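Participant: coordinates only, no sequence provided:
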Ligand code: SF4
């Protein structure tokens, strides 16, 4: 699925040096962003090291060794707001009248331009074009005006709108913050005096700590010597968790807001088979993204499972490549058919989603060239008809094949014998959550926050809650 995620964040407090643990956490979160990586630690002042590239390219043992300090944050980035350049890498570190701040942000503000213009009018100069810089600058202003950190964070939250899961150092104090709608995930883990805030629970597994809980929507947590301290801003009646985290972005083994992504994906496979049955010989997943769905499809349909496509493990995920030409080139480098398995067979090809349609078209043709008799495509995500303004890299309807083509039109474009998408009701059933608690913006065209020119879902504006 050719598509970009926003970012992964982690914050750690421990009795030991945290740089190695943050490095490990970032490697675990690498699927959330591959353009840049960075770590900030506090050791008599905040020290930040960041660069473009994969976590293992950016951090060498010597660098990590030098980053002493028992409190710190880390970030991996895929650019959604702001170009893919070094100055936009995170954490962002700034120096203020009350000391130093460092911030890692996963998400996207919908009022970033408005705020940037507002503060430019007041004479502020910006050093990057990211929305994350706006957050840290507004926060610095609040602190400069004499507010304590928690009040300053709250006031910043009242000013910004959109999706944000943040890790933040204010000198030697570590905070985790989740937006009032809980759009992006953020969770807390703990073991013997070590506390971790991270985008996904898989980080806790890798670092052998226990998951404590999710950070609640609208919650500010401070972790340190005294454990977890929690503060809240008022929140609307319903959350707006991004359903795409479960359907695609998060790792299958991540638990977010009480639900394991793998369970949702397998259930979607069951429902897909019920909604779009077909006579076939073999269910083939697009590796690795379609695997859990394919297992669910086989379970419900009784059709045999087969790894008819083999993935070259040494090629990065295609969707994360920002350039379309790179993405197309990469499909054939990345996937190779097992000819003896697919030859002469009626194949059900299962994947998580179709965005532009180019990748799927290429995969269908790879299977046909390998001798598949029929290729029936089944997709675990309902049709993506509208852009995401909340942290996912799809900004215009022109990029989305489903926004201007029917199912039949898409089937024809990708060259499949049949095509079936999961329904929105099927998605809600698989997630086991109240529809009103999910962001479904990209599949319904109705968003949980005000976005100029777009419809807002039936929920009162957050403005009502501002104090
Ligand atoms: S619009 Fe779609 S991808 Fe974006 S936050 Fe909402 S559900 Fe997630």
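Facilitator: On my side now, so go ahead. Please read these numbers as outputs of a predicted model, since none were measured by experiment.
Participant: dump the residue contacts of the residue in the stretch 201-350 of the chain that the ligand sits nearest to.
Facilitator: Of all residues in the stretch 201-350 of the chain, the one sitting closest to the ligand is residue 242 (3.2 Å; CB to the nearest ligand atom). Quick note: C-beta positions are derived from backbone N, CA and C, even for glycine. By CB atoms under 8 Å, 6 or more residues apart in numbering, residue 242 lies in contact with 163, 183-184, 249, 390-392, 438-439.
Participant: and the lengthiest strand in the chain, what's buried?
Facilitator: Looking across the chain with DSSP state E, the single longest strand is strand 99-109. The neighbour-count check on strand 99-109 (16 or more other CB atoms under 10 Å) flags 100-109 as buried.
Participant: repeat that for stretch 86-100.
Facilitator: 88-93, 96, 98, 100.
Participant: kindly report the same for stretch 401-413.
Facilitator: Neighbour counts over stretch 401-413 (16+ other CB under 10 Å) mark 401-403, 410-411, 413 as buried.
Participant: now stretch 140-155
Facilitator: Under the neighbour-count criterion of 16+ other CB under 10 Å, stretch 140-155 has 140-143, 147, 149, 152-155 buried.
Participant: quick one: contacts of that stretch?
Facilitator: For stretch 140-155, the external contacting residues (CB under 8 Å, 6+ apart) are 94, 96-98, 101, 139, 156, 168, 170, 173, 175, 177, 220, 222, 231, 233.
Participant: which of those residues fall in strands?
Facilitator: 94, 96, 101, 168, 170, 173, 175, 177, 220, 222, 231.
Participant: any idea which of these is the one closest to residue 453?
Facilitator: Minimum distance to residue 453 across the ones in strands among the contacts of stretch 140-155 is 28.3 Å, recorded for residue 177 (CB to CB).
Participant: flag every residue of the chain that's near the ligand.
Facilitator: Proximity of the chain to the ligand, by CB under 6 Å from any ligand atom, involves residues 183, 242-244, 388, 390-392, 439-442.
Participant: of these, grab the buried ones for ChimeraX.
Facilitator: Buried members of the residues of the chain next to the ligand, identified by 16+ other CB under 10 Å, are gathered into one ChimeraX selection as follows:
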select :183,242,243,244,388,390,391,392,439,440,441,442
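Participant: pick out the most distant pair among the residues of the chain next to the ligand.
Facilitator: Spanning the widest gap among the residues of the chain next to the ligand are 391 and 440, at 14.7 Å by CB to CB.
Participant: worst mean pLDDT across the helices and strands of the chain, which element?
Facilitator: helix 324-334 (a mean of 66; mean pLDDT, DSSP states H and E).
Participant: following that one, which helix or strand comes up?
Facilitator: Counting by DSSP states H and E, the next helix or strand C-terminal to helix 324-334 is strand 335-337.
Participant: quick one: contacts of that following strand?
Facilitator: For strand 335-337, using CB under 8 Å, 6+ apart, the contacting residues are 286-287, 308-312, 363, 366-367, 369-370.
Participant: let's see which of those residues end up in strands.
Facilitator: Those of those lying in strands (DSSP E): 309-311.
Participant: including pLDDT, could those go into a markdown table?
Facilitator: Shown next, in a markdown table, are the ones in strands among the contacts of strand 335-337 (pLDDT from 0 to 100):
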| residue | pLDDT |
| --- | --- |
| 309 | 96 |
| 310 | 94 |
| 311 | 89 |
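Participant: take those and write them to TSV, including neighbour count.
Facilitator: Below are the ones in strands among the contacts of strand 335-337 laid out as TSV (neighbours: other CB atoms under 10 Å):
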residue	neighbour count
309	23
310	13
311	15
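Participant: from those, which is closest to residue 10?
Facilitator: When the ones in strands among the contacts of strand 335-337 are compared against residue 10 (criterion: CB to CB), the nearest one is residue 311, at 26.9 Å.
Participant: now that closest one. Nearest residue, chain neighbours left out?
Facilitator: residue 287 (4.1 Å; CB to CB, 6 or more residues apart in numbering).
Participant: picking up where we left off before, just the pLDDT at the residue of the stretch 201-350 of the chain closest to the ligand, thanks.
Facilitator: Per-residue pLDDT puts residue 242 at 97.
Participant: the nearest residue to residue 107 once chain neighbours are set aside: neighbouring residues, count only.
Facilitator: Distances taken as CB to CB, 6+ apart place residue 163 nearest to residue 107, at 3.5 Å, with adjacent residues excluded. Counted with other CB atoms under 10 Å, residues neighbouring residue 163 total 28.
Participant: can you pull the contacts of residue 163?
Facilitator: 106-109, 179, 181, 183-184, 242, 390-391 are the contacts of residue 163 under CB under 8 Å, 6+ apart.
Participant: what's opposite it in the beta bridge?
Facilitator: On the basis of DSSP bridges, residue 163 is bridged to residue 108.
Participant: any idea how far residue 178 is from it?
Facilitator: 9 Å (CB to CB, to the nearest Å).
Participant: shared neighbours of these two, which are they?
Facilitator: Common neighbours of residue 163 and residue 178 (CB under 8 Å, 6+ apart) are residue 184.
Participant: quick check: pLDDT value at the residue nearest to residue 311.
Facilitator: Reported pLDDT for residue 287: 94.
Participant: list the contacts of residue 350.
Facilitator: With CB under 8 Å, 6+ apart, residue 350 has these contacts: 269, 272, 283-286, 290, 293-294, 297, 377-380.
Participant: now, which of those residues lie within strands?
Facilitator: Applying DSSP E to the contacts of residue 350, the entries found in strands are 283-285, 377-379.
Participant: burial of the residue nearest to residue 50 when sequence neighbours are not counted, as a residue count?
Facilitator: Closest residue to residue 50 apart from its sequence neighbours, by CB to CB, 6+ apart: residue 38 at 2.7 Å. For residue 38, the count of nearby residues is 25 (other CB under 10 Å).
Participant: who does residue 38 bridge with?
Facilitator: residue 50, residue 75.
Participant: if anything else comes up later, I'll come back, but that's it for now.
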